[in-house]
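**Student:** starting from these lines, generate the structure:
(one chain, ligands or ions: 1)
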Amino acid sequence: MSQARVLVVVETVAGEARPAALELFGAGRPLADRLGGDLVALVAGSGVQAVAGLAGELGADRVLVADDPALAEPVVARVARAVETALAAADPELVLLPATTLGRDLAPLLAGRFRAAHLVNCTRIELEDQAVVATRPVYQDKLLTTVRAPRGRRIFITARSGAFPVPEPQPGRQVSIEPLAVSFTEADQAVTVTRLVEKPKGQTNLESAPVVVVGGRGVGSAENFRLVEELAAAIDGAVGCTRAVSDLGWRPHYEQIGQTGKNVRPKLYLGVGVSGAVQHTVGMRGSDTIVVINRDPNAPLVKMADFAIIGDLFDIVPRLTKRLREVRG
Ligand code: FAD
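**Tutor:** Presented below is the predicted three-dimensional model:
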């Protein structure tokens, strides 16, 4: 076994690897080869022995398996403790994490703790003698920036999902699989996950839907979203929401559009009771046609829209839905 050069953190959910975590092998294997050392994988979760085997087939030379019921839940403090333990065991120069919700929390936390550099959401990672040079898209992918971190100290890197290919598995590769015992502090155990909300299967995919009907705070309550759902159903649209709405718990976060939610570019975007804050519009301004229903003629989304209906949504939406049903038969 040679010196560990690169550690990939394999995030798991319910005993299975997250697809974005498997892509880390496509990024990490060439980097370890260029550095002339081992690619080490940390598999953290509960009931993850099968993932450990897969990590070996995908190119890890050494797999550290933190298999612990405490890691069954995606709690950042606990997974961070597992990564810290793996760092002590492997001492890598580069640490790769997926830019998932968990990875995006973990990487800055660990980089801060180790006073190390953090290259964020990278789509390309290259090595120079003195530095690691990475590419990362910014401003909703309109620009690519090149970022550098000097070598000689540990560097944490999050890899953007879809940017690196998952290598072909090589069954029977010689690989060292070692259990990793992690000690958790009381504080690590203090946060627990009370509920995981699974996205219902068969629901229209918001990001690829040609028609998206978005409800904002103006809709007034979770119950009133029935109006938005009925309008969406009348034109075969997917339902989206603003952050105000998901923060209030009226709709799930996976329906949120904007800076901290999803990006949509439908043929038709229909906003109901949405003001059009910039954090929302960055996620929908690529829509072909924007229609808005709002009682405030000065709302930013009204100014941005191709068509605006000014008035009370509780009067307009039921009538519009009824008329659309009639027209569409
Ligand atoms: P409001 O701004 O409250 O607008 C409600 C609208 O409904 C108003 O225009 C009002 O005139 C209209 N209305 C009210 N009643 C009626 C009625 N009866 N009939 C017709 N119209 C009516 N927001 C996002 O959406 N997505 C993000 O990803 C996001 N990320 C953020 C990230 C950061 C760091 C921050 C600081 C904010 C973020 N926000 C995001 C929040 C954003 O700034 C706004 O607060 C939010 O978009 C407002 O949501 P809204 O339009 O539903 O609510």
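
**Student:** go ahead and flag the most central residue of this structure.
**Tutor:** T100 (3.8 Å; Cα atoms, centre = their mean).

**Student:** now the nearest residue to that residue once chain neighbours are set aside: which helix or strand?
**Tutor:** Take T100 and drop its neighbours on the chain: the residue closest to it by Cβ to Cβ, 6 or more residues apart in numbering is A20, 5.3 Å away. Backbone N, C-alpha and C define where each C-beta goes, glycine included. With secondary structure defined by DSSP states H and E, A20 is part of helix 19-35.

**Student:** thinking again about what came up before, quick one, grab the pLDDT at the residue nearest to the centre of the chain.
**Tutor:** T100 carries a pLDDT score of 92 in this model.

**Student:** tell me who's in contact with it.
**Tutor:** 11, 18, 20-21, 161 (Cβ atoms under 8 Å, 6 or more residues apart in numbering).

**Student:** the strand ranked longest in the chain pairs with which strands, parallel or anti?
**Tutor:** Counting residues, the longest strand found in the chain (DSSP state E) is strand 4-13. Each strand paired with strand 4-13, and its direction, by DSSP bridges: strand 16-17 (antiparallel), strand 38-45 (parallel), strand 94-98 (parallel).

**Student:** mean neighbour count for those - can I get that in a markdown table?
**Tutor:** Below are these laid out as a markdown table (neighbours: other Cβ atoms under 10 Å):
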| stretch | mean neighbour count |
| --- | --- |
| strand 16-17 | 19 |
| strand 38-45 | 29 |
| strand 94-98 | 28 |
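
**Student:** can I get the ones you listed in CSV with distance to N224?
**Tutor:** Below are the strands paired with strand 4-13 laid out as CSV (distance: least, Cβ to Cβ, whole Å):
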stretch, distance to N224
strand 16-17, 37
strand 38-45, 40
strand 94-98, 37
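
**Student:** of all those, which one is nearest Y269?
**Tutor:** strand 94-98 (29.7 Å; Cβ to Cβ).

**Student:** now whatever helix or strand comes next after that closest one against strand 38-45, angle please.
**Tutor:** Next along the chain after strand 94-98, taking DSSP H and E as the criterion, comes helix 101-114. Here helix 101-114 points in a direction 120 degrees away from that of strand 38-45 (axes from the mean of the first three to the mean of the last three Cα atoms, to 10 degrees).

**Student:** okay, buried residues for helix 101-114 please.
**Tutor:** Residues of helix 101-114 classed as buried under the neighbour-count rule (16 or more other Cβ atoms under 10 Å) are 102-107, 109-111, 114.
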